[in-house]
Every structure is written in C-alpha cells, then in structure tokens.
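A.B. asks: Fold the stuff below for me.
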Amino acid sequence: QLQLVDSGGGLVQPGGSLRLSCAASGFTFNTYAMAWLRQVPGKGFEWVSELNSEGRKFFYADSVKGRFTVSRDNAKNTVFLQMNNLQTEDTGLYYCAKPTGTGPNYDYWGQGTQVTVSS
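C.D. replies: You can find the predicted model right below:
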C-alpha cells in the first residue's frame, strides 16, 4: 500500500527555518518525481517545488526560490524541503505528493504538516 508521511512542521518566527520530511513506502520511490505543495489560508493549493527521480533536476515556485531547497535520499525513501528565511506568507499546510507524470496532477498525498510563521 502506497503511503506518504509528512513531518517537520511547526511554529517559527519570521526569518526562521524548518526542514520538512516525507517518508514514502509501497512503491519504487527512486523511479518517481516528488513534489511539495501547500494549502494557504484563503488562497487554496499552491505548488511549491518538484524534484525528479534522481534528485538532479528541481523546480521552485517564484515565491520560494532562493529560500527553499528540495532534496531526496533514495536510499531512505525520503524527500525533504529545507525552508529558510520563512515569512508569514509561507504559513500553510504542507503536503508532499507523487506526480502522475501527466500535467500538474498528483495521485498520492501525504497527510500534511502545518507550518506557521508568526512573531
């Protein structure tokens, strides 16, 4: 059974950092790209970042470019999102997701981990 488990969220002050993790199981992790999305209050879902199966090609939303870094450890079936210089507008529920490979579609999601940036 395919499962994605998100963790690492929390409360942080503006300018702070968090590292999110997503542990995957039930599929051949190292053959799939992985993505991070977030649900921001009042704005719906926003795509944040995506990483190819080898971890060598990565993409970021303009809003997080230069502050967030996506990576993966295929030996541990885990994808990470290092978030630095967090801002209040980064507050939201963060999900890792498995892209279907066809357009911006995702067939499996983690349960989400809450990130709150507040002073």
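A.B. asks: burial measure for F68, as a count.
C.D. replies: If you count neighbours by other CB atoms under 10 Å, F68 ends up with 21. Placement of C-beta: from N, CA and C, glycine included.
A.B. asks: quick one: the residue lying closest to it once chain neighbours are set aside and S21, what's the gap?
C.D. replies: Of all residues not flanking F68 in the chain, M83 sits nearest, at 5.1 Å (CB to CB, 6 or more residues apart in numbering). Distance, M83 to S21, by CB to CB, to the nearest Å: 12 Å.
A.B. asks: Tell me which of the two has more neighbours.
C.D. replies: Each of M83 and S21 has its neighbours counted (other CB under 10 Å); M83 has more, 27 against 18.
A.B. asks: my guess is that one contacts D90, does it?
C.D. replies: Yes. Using CB atoms under 8 Å, M83 is in contact with D90, at 6.9 Å.
A.B. asks: what do the two both touch?
C.D. replies: V64, V115 (CB atoms under 8 Å, 6 or more residues apart in numbering).
A.B. asks: contact partners of stretch 6-20?
C.D. replies: 21-23, 36, 80-88, 94-96, 110-119.
A.B. asks: Go through those residues and flag which are in helices.
C.D. replies: Residues of those located in helices (DSSP state H): none.
A.B. asks: Quick one: buried ones out of the residues you listed?
C.D. replies: 21-23, 36, 80-81, 83, 86, 94-96, 110, 112-113, 115, 117 (16 or more other CB atoms under 10 Å).
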